[in-house]
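1. Whatever this is, show me its structure:
(chains A and B)
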Amino acid sequence: MTIGTKAASVHFDNVTKSYGAVVAVDRVSFEIEPGQLVTLLGPSGCGKTTTLRLIAGLEMATSGAIRIGDTDVTRLPVTQRDVSMVFQSYALFPHMNVGENVAYGLTVSGVKKAAARERAQSALDLVGMSGLEGRMPSALSGGQQQRVAVPRALVLEPQVLLFDEPLSNLDAKLRRRVREEVRDIQQKLGLTTVYVTHDQEEALAVSDRIVVMNNAVIAQEGTPRELYEYPADTFVADFIGDANIVEGTVVEAGGDNAKVRIGGIELVVSSRRSDNGPAKVAIRPEAIRLSAGGNGAPLRGTVRKATYLGSHIEYTLETELGPLFATDPHVDAPVAPDSDVAIELAPRGVNLIGK
Amino acid sequence: MNRNVAVWLCVGLVGFFVLPWYTTYSSFWSFEWLFDGYPLDDEYAPAILQIALHGKLWLAPLLLFFLAGLAPLRADPTGRDFIRWLTLAGGGGLAYLLLQGFTIGIGGWEYQWLETLFGPIERQFGMGIGATLVAAGFLFLLTRSFAARGYVGGDVFVAGSIGLVIALIAAFVFFPTSRILLTAFQDNEGFYTLSLFAEKISDSKIWGLRCLGENVSCGVAWNSLFLSTSVGLSSTLLGLAFALVTTRVRLRFGRLFRVFTVLPIITPPFVIGLAMILLFGRAGVATQFMEAAFDIPATRWIYGYVGIWLAQTLAFTPIAFLVLIGVVEGISPSMEEAAQTLRADAWTTFTTVSFPLMRPGLANAFLLGFIESMADFGNPFVLGGNFGVLSTEIFFAIVGAQNDQGRAAVLAIVLLSFTLSAFYVQRRWVGKKSYVTVTGKGDAGLHAALPRRLTWPVLAVVIPWTLMTLVIYCMVMFGGFVETWGRDHSFTLRHYADAFSVTTGEFGLVWSGAAWNSFWTTLSLSAIAAPLTAGVGLLTAYLLVRQRFVGRQAFEFGTMLSFAIPGTVIGVSYILAFNVPPIELTGTGVILVICFMFRNMPVGLRAGVAAMSQLDRNLDEASLTLRANSFVTVRKVILPLLRPAIAAALVFSFVRAITSISAVIFLVSADYHMATAFIVGRVENGDYGLAIAYSSVLILVMLVAVSFVQLLISQRKLGRRSAGAPAPAARNTEVEPA
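-> Numbers count the residues shown, from 1 in each chain, chains lettered A, B, ... in the order given. Sure thing, here's the model as predicted:
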């Protein structure tokens, strides 16, 4: 027996959730296509977890409508929605062993014991955890607990699978491995998945699409590449990858590219802007290239601080654009603090903010 | 087919068509009614036959509400029709049931104007099992309609539970209490008059202050107030002394003091008073010694204010100790260490840091002692003499020659307003000002030792007091083995034989001892009450901790209210409210069980709240997202993880039911006599030997029960874990929120 899928779309239409005067989610609308993995990304308190819990039915929307597939689930209680969730704390039942935990959803739905065990078995196979059915959750490591929580949510073949910061309790190495596993399973089974995280790198790595939230509203929505290359505002530009936000001028707009002047430099960057004039520009730290000396270069600066980090060096520069933060992989040729440098910008890492 | 609706409709229909509608004279569970004329007899007939044969025509409209309940059976559970029909059936049915219950009583119409309007009518008795089932059916249809409207997230089980708890509290806390208020405003003919109430409540017997100048006794309200304030103060100071000795003085036997915390749980409240009589009464050991050694004549000084104060201070110091030990231990050692590193010596540290941090805790302990003393009935009853306090005056107003219910009600109102005010202050003001902080961070410091100039005075108080407590409990344990206390101190088993003898008769064993009857009644009623108390308490805790719903604050207030109502007030209100239809319970075992349930519910409630707050909320949510509804979640996830709390709630409600006296003494009857009431009766007759023997047996029974629970709880490992580490530690441990 294998684990199948009934992936369905998720549709948010002007959904608001407020607790008294506090608005946690403010008129949010988005749509998730079947089989996609969409990440809700944002700083803590931005409303991303509340949005996830609204899909699950653990919170009820104050206004607006939520649809899963063709069903309006806005007023449907949690048990009647076809979704399952993997919790940040995993929430494994401490009084049941691994097998009982995974089979729980099936047994309470009235599936026969033998069949439930068999399906729990195949779900555990999926994450390489078979053979540990008899263990208690307390006898598992953090990563193993994680890998029990996922099949427990999968056995019911939910229309939507929800992840609430599933990796935040794991160490950095394990985090990378587990997130790849999660993505593998999601793609193999074609599950509609909503994934909440505050880690932009994690979001970029696993998502088909990302919904960036800030202060209870959606800041921007798009593919990882769109968000990185066409940030809608300074918040998104800064949140997705680091960025130096500086003033620039668009001198030639149109199509997918624009020519922009930053300080004394002119370069062509990808942008969908249609009008010329002053604009905010996000310069990625890795797009800044330094060379010693710098006399006569169009953009020059002074190194204020240099920090050696093994794989690269971090520089804090003082320039006519204001302070800039740069990373340089050329660790063999460090630039000494207080020396003047010439600054070049790689067009790939320079993005115009807004439309 | 909507199963939930069908089930409750069936329950209601069984109540209407099958079971006896009215209270039966013999207990329902004896099933005597089955062979005694059921179903035609007018005492046992179900509602349908009451209508057809016995002229109880006003029951007929209930059928209409059942008909309305049929409509939602097949309706779409999300539709408007479903909600509308359910509300009509449940809400209308319940309302009509109550209406007919309150307007038609044992004399026909309850109100004169209804009789003139509709003419005379048949009489009816209290609601029985049939009516109860019908009420339950309608209630849950109504809550189902609320769930359908989206109340509490549309959860049928939670909506039903809220409805059930509200209905129970309304029926058994609010209804009787309001009955007292009404009675206070009534004259002997049942008419409501304000002037009479004003006259009664300003009675000089309640508020008289002539004692200040002349040699007459003060009003009972002042007596109570004065007594409770002094007991609150003395028990708080003593409790603090004990708490300081246990935690701040490095004594080898310091830990032993913790045994004191168990004493008030297992000791019936009047036992201390009884022991005081054995020590200091006219025939008491101490009195006789003083008389022989120093020629001090025996007096009755123990009967009155001094005696009650001493007994209550002895009885309630452990409660203050229990509160204060938490407070003293809860002060973060690092604060004291910080003071010391800032050059403060031990005395300065204590007076400027430790003591100010304890102050809210002291206020809390004082208020608890105040409330306990106000509500205490046993000690003033045994030791009071001419010194009347509110709780005993209420009793004498009801059972004495006066039999003045109005006076009892007025006194009850005075008492209730005292305890409620203290309770209000304790909750609103002190409860929130606590400085005790237990954070997740490890606080590895050491508490500062008590400054030397405090240690000796504290020990000088604690050690004699401990010896006195020991002597008191020895009195209780051995007093039952002497012939006649104070006169003939020869060893005898006579009292135990009188109480607990078993002889063999023609038909096997005969429980011939005088105490057996009340002993078994006490044990069985307490055993019946314990699971019900724990159940209601834990269910309420679940609703309070885990659910957010409209009206939660009022709900919480209502559940805590029963804690602030003194037992004597409960007792009086129960006999006032449940002596007449619609709920006729006096003289039954049921009224005792219900009384225990709502007197002791806060025990289960607080155990449940404490345990449940430590359960990670994500566990319930995980279960809910896995399609288990909230009922299954409670059964399969929450209850198994709460096992220690359940055991504690069970045993403590059992023990508290055994020791309670103040409410019980109003509610006992010939058929249902309770141990505590029996003992107090013996004390009244001066039969101390048997009373003491019986008390010590009770204490032993409860000691066994409590040790059992301590054993159970101590087996639980307190698996603390470092911050951020993933979820649950060991099996059956407390699970802390992430």
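2. can you list the domains in chain A?
-> Split into domains by automatic domain parsing, chain A comes to A:10-229, A:242-352.
3. Chain B is nearest to which of those?
-> Chain B lies closest to domain A:10-229 among the domains of chain A, at 3.5 Å (C-beta to the nearest C-beta). In this view, the C-beta of every residue, glycine as well, is placed from N, C-alpha and C.
4. Now mean neighbour count and mean pLDDT too, for the domains of chain A, in JSON lines please.
-> Formatted as JSON lines, the domains of chain A follow (neighbours: other C-beta atoms under 10 Å in any protein chain shown; pLDDT from 0 to 100):
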{"stretch": "domain A:10-229", "mean neighbour count": "20", "mean pLDDT": "91"}
{"stretch": "domain A:242-352", "mean neighbour count": "16", "mean pLDDT": "86"}
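5. can the ones you listed go into TSV with extra columns for distance to chain B?
-> Listed next are the domains of chain A as TSV, based on distance: least, C-beta to the nearest C-beta, whole Å:
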stretch	distance to chain B
domain A:10-229	4
domain A:242-352	25
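6. For B:Trp520, which of those domains is the nearest?
-> Within the domains of chain A, the stretch nearest B:Trp520 is domain A:10-229; the backing value is 37.0 Å (C-beta to C-beta).
7. if we can go back for a sec, and the domains of chain A as JSON lines, adding distance to B:Pro39?
-> Output for those, formatted as JSON lines (distance: least, C-beta to C-beta, whole Å):
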{"stretch": "domain A:10-229", "distance to B:Pro39": "39"}
{"stretch": "domain A:242-352", "distance to B:Pro39": "84"}
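8. Out of these, which gets nearest to B:Met702?
-> domain A:10-229 (30.5 Å).
9. That closest one: how far from the chain's middle?
-> 13 Å (C-alpha atoms, centre = their mean, to the nearest Å).
10. tell me how far the ends of it are from each other?
-> Terminal residues of domain A:10-229 are spaced 26 Å apart (C-alpha to C-alpha, to the nearest Å).
11. residues from the stretch 551-700 of chain B in reach of chain A?
-> B:616, B:618-619, B:621-630, B:632, B:636-637, B:640-641 (C-beta under 8 Å from any C-beta of the partner chain).
12. Tell me the buried residues within those residues.
-> Buried by 16 or more other C-beta atoms under 10 Å in any protein chain shown: B:616, B:618-619, B:621-630, B:632, B:636-637, B:641, out of these.
13. sorry, back to before: counting only helices, which of the residues of the stretch 551-700 of chain B next to chain A make the cut?
-> Mapping those onto helices (DSSP state H) picks out B:618-619, B:621-625, B:630, B:632, B:640-641.
14. Make a markdown table from these and add distance to A:Gly45 and pLDDT to it.
-> Putting those into a markdown table (distance: C-beta to C-beta, whole Å; pLDDT from 0 to 100) gives the following:
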| residue | distance to A:Gly45 | pLDDT |
| --- | --- | --- |
| B:Asn618 | 19 | 89 |
| B:Leu619 | 24 | 91 |
| B:Glu621 | 20 | 90 |
| B:Ala622 | 23 | 92 |
| B:Ser623 | 27 | 92 |
| B:Leu624 | 24 | 90 |
| B:Thr625 | 23 | 90 |
| B:Ser630 | 28 | 89 |
| B:Val632 | 33 | 92 |
| B:Pro640 | 34 | 87 |
| B:Leu641 | 30 | 87 |
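15. Farthest-apart pair in these, please.
-> Using C-beta to C-beta, those reach their maximum pairwise distance at B:Thr625 and B:Pro640, which is 18.8 Å.
16. All the strands of the stretch 151-300 of chain A, residue numbers only.
-> Taking DSSP state E, counting those that start in this stretch as the criterion, the stretch 151-300 of chain A carries its strands at A:160-164, A:192-197, A:209-214, A:217-222, A:244-252, A:257-262, A:265-270, A:277-283, A:288-292, A:300-308.
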